[in-house]
Structure formats: structure tokens, C-alpha cells
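Asker: attaching a predicted model along with its sequence, questions to come.
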Amino acid sequence: MKHALMVALLIVVSVPAYPEGKRVELNGVWILFGAEIGKLQLTPEGEMKRAAYDFQKDDPDFQCRPASITRIMHTPSPPIEVRQHSDYVEINYEFMDVHRRVPLKNGLAPKDAPYAVRNYPHLGRSAGHYDGETLIVQTAGQRAGVLDTLGVPGLYQSDQMRTVERFIPNGDRMQIVVTHEDPVYFVQPLTVTFNYLRLPGGKIEKWDCKPEEATYERFIPKKN
Amino acid sequence: MYRKFADAVMIVGWVLFSCLAGLAHHSVAANFDQTKTVDIVGRVKEVEIRNPHSQITLEVSKPGGGGVTEFYVEWSDKNALMRRSVPVSKIHVGDMVTVSVSPSKRLPNLGYFRTATLPDGTILKDCGFAAFRGGIAKGKTGCEESAR
């Protein structure tokens, strides 16, 4: 009897508090299956910024700097990884080697959360919680700059932008619905839906981007 | 005379940069004409399998035999090529190859990789991300059969 109780106690201790239920399906490595961009309605300032966008000067990708999480997710081939833990979730993006750590705590405001990506503070502060089986990540404190260069090239964000990401599990499919609210550049919230497919046996590899190898100037013939 | 030459160099440089400016973002569909295939015959000068984009530099004979010019073949990122098990190590510097490309919509010396015919006649193929994703969606471990 005493032995059985010990075994039962060991089992209870070794089972993590999270994840449980359907949300456990979010764990894994995912590749992009497609993305849908909702209605885009920019303020006059947003239109002006977009019209003035010059990719050679303004696209952070050419400096190997991730513009935003939305821009990262618009890149088709590099996968992303979700790992849920008892008090935080790690989201690893192969593109630009972005490793994001989001605390899971009900009631934590994003402004009070630490920077989600230590080496890229411009990506803001994020806090997560669950709504049923959906993981919700709220982000604030993103720095003003380019929001997207691929899905919607030349889309800008202000430092007032707030973002909500909903990670919805569905077996070997996952949907991430991203809503950006920005009173400076958007008349109404912009929603981008990313559909992901589980990559069995997938692994996040090192990206190791070097600016001199990313620039378009590499297409200019060398003079040797 | 020198002034005219300098002006001409500046104009050529300006035209080249204007063409580059047209490449407003990374999308393959936006930058390359995927409805066309052009065969480029040349000697492999460089093979750079890397992120965010791989690149093969070919030395191509100028028409009429007046030396060589460089042609750049843009390709997927290194990690994607590895996932798709593309045997990139079969392309060697110095080899004469024929690379089929989707031509750039803007630059005459640039194309996007489709296949490469190696000196021994082997055809190196890459199914591309869409076919890889399609294969995964169907429960396979790699590209679906319809790979180009």
C-alpha cells in the first residue's frame, strides 16, 4: 500500500501542470501553409509612409534584422516551433534566429512583461494566457518602424501598436490569428491569419544571416 | 573623351540601381517570371549555399566570343534545400553546366533556379517549397510526386 502511494505521488509530481488537453497539440515544429491578409485601411499618415517606402533603405531584412513577428511569419520556408511550459511558452522562429519567450500569467499586462526576444527588444514585450484551448499572446512596446516587407510591403507600425496573437490548435494544423491595432497608421485593426502544418521530425536550424550576403548589391558583377 | 566615358559609366550604374530598386521585396513570384524557362550554359564560378538565399555564379561566354560575363542564379535558403534533400554538393566550381532558370523580371543577368544539368548528364532537381509543403500535407516525408 505504502509502495503504491509512493508510485502514485511520483507520477503526480512528474506530470507538468501545462500543457494539457487540446492545447498540447500546439507543441511542435510548423511550416507555413498559407496566409490571409484582412482588410487593410490605413490612415493618411500610414498611406504616406507606405508610398515613401524604399526597400533599399528601409527594409530591415537586408541588415538581417527581423522587422516584426508578422514579417517573420510571412517568410514561407523557415519553420517555427512552439514549446509550452508550466509558466512560459517559447516560440522559436528559424528566420533570423528569433527565440521568443513569453511568460504565461493571467492578469500580466504586456507593458509589465520582459522583452520577449532578448537580443531584439524592438519586437516588444509579450504576455500570454489561455482562453480555453487557445493560447493568446498580447504584445506592446514594439518600436516604431517597418511592420511588413513581404505580405504587405511598406507597412509601418508606430510605438503605440498593440498586437494580439491567437494560437488555435487543430491536430496537425495550427492557426495563428494576428490582430494589429495601431491608432497612428491603421483606421481599423489589421488581421492576418497564418495557417500552419505540422512538420514531423522537424527541427529549427540556425539561420546565421550575414548582411553582406543578404543585400541586393550581390547581383552587381564583381570587378575581379 | 574621359568626361563622356565617366558620364556613360554613371548612366549605366544608375540604370542598374534603378533595376535593383524594382526588386521591392523577396517574393519569388514578384521578381521572377515563373511562366518562362531559360537555359544558361556556363562555368560554375561560385556556389554559395546559405541563408537567406543561395546563389550560383556562372561565367557565361559573351555572344561573339568576346570574353565572359557573370550570370547569377538565385536559389532557396540553405535550410530549405537541406530539408528538401537537394544534393547541392554535386555542383562543383569549375564545372560546365546548363542551369534552367526562371528569368528575372528586371535584371538580365539574374534568374531563379529550376534545374541544373551537370557534366555527367545528371539533372539536379529541386521540387521547391510548394511541392515540399504539399508532400507534408499528404503525410509524406518530402516533396510530392508532381515536383518539377
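Answerer: Right, received. Where do you want to start?
Asker: every contact and neighbour count from this point should use C-alpha atoms.
Answerer: OK.
Asker: residue A:190 contacts residue A:70, doesn't it?
Answerer: No: using C-alpha atoms under 8 Å, residue A:190 makes no contact with residue A:70, being 11.2 Å away.
Asker: show me where chain A has its helices.
Answerer: For chain A, applying DSSP state H gives helices covering A:2-14, A:44-52, A:55-58, A:69-74, A:211-214.
Asker: got a list of contacts for the second one?
Answerer: I take that to be helix A:44-52. Residues from elsewhere that reach helix A:44-52 (C-alpha atoms under 8 Å, 6 or more residues apart in numbering or on different chains): A:153-156, A:184-186.
Asker: residues near the nearest residue to residue A:141 once chain neighbours are set aside, how many?
Answerer: Leaving aside its chain neighbours, residue A:141 sits nearest to residue A:124 (4.5 Å; criterion: C-alpha to C-alpha, 6 or more residues apart in numbering or on different chains). Applying other C-alpha atoms under 10 Å in any protein chain shown, we find 26 other residues in the vicinity of residue A:124.
Asker: now do the one 5 residues further on
Answerer: Other residues near residue A:129 come to 20 when the count uses other C-alpha under 10 Å.
Asker: pull the contacting residues for it.
Answerer: Contacts of residue A:129 by C-alpha under 8 Å, 6+ apart are A:104-106, A:135-137.
Asker: you'd agree residue A:96 is up against residue A:63?
Answerer: No: counting by C-alpha under 8 Å, residue A:96 does not reach residue A:63; the two are 10.4 Å apart.
Asker: pLDDT weak spots in chain A?
Answerer: A:1-20, A:216-224 (pLDDT under 70).
Asker: now do 90
Answerer: Counting by pLDDT under 90, chain A shows low-confidence ranges at A:1-21, A:54-57, A:59, A:61-63, A:150-153, A:211-224.
Asker: pretty sure the residue nearest to residue A:141 contacts residue A:137?
Answerer: No: in this structure, residue A:124 is not within contact of residue A:137 by C-alpha under 8 Å, at 11.7 Å.
Asker: residue A:130 and residue A:137: what is the separation?
Answerer: 9 Å (C-alpha to C-alpha, to the nearest Å).
Asker: more crowded one of the two?
Answerer: Shown here are residue A:130 and residue A:137; by other C-alpha under 10 Å, residue A:137 has more neighbours (21 against 15).
Asker: beta partners for the closest residue to that one other than its chain neighbours?
Answerer: Distances taken as C-alpha to C-alpha, 6+ apart place residue A:128 nearest to residue A:137, at 4.3 Å, with adjacent residues excluded. Beta-bridge partners for residue A:128, by DSSP bridges, are residue A:104, residue A:137.
Asker: mean confidence score for stretch B:85-93?
Answerer: Mean per-residue pLDDT for stretch B:85-93: 97.
Asker: related to what we said a few turns ago, quick one: contacts for the residue nearest to residue A:141?
Answerer: By C-alpha under 8 Å, 6+ apart, the contact list for residue A:124 reads A:115-117, A:139-143.
Asker: out of the residues you listed, which comes closest to residue A:212?
Answerer: Closest approach between the contacts of residue A:124 and residue A:212, by C-alpha to C-alpha: residue A:117, at 23.7 Å.
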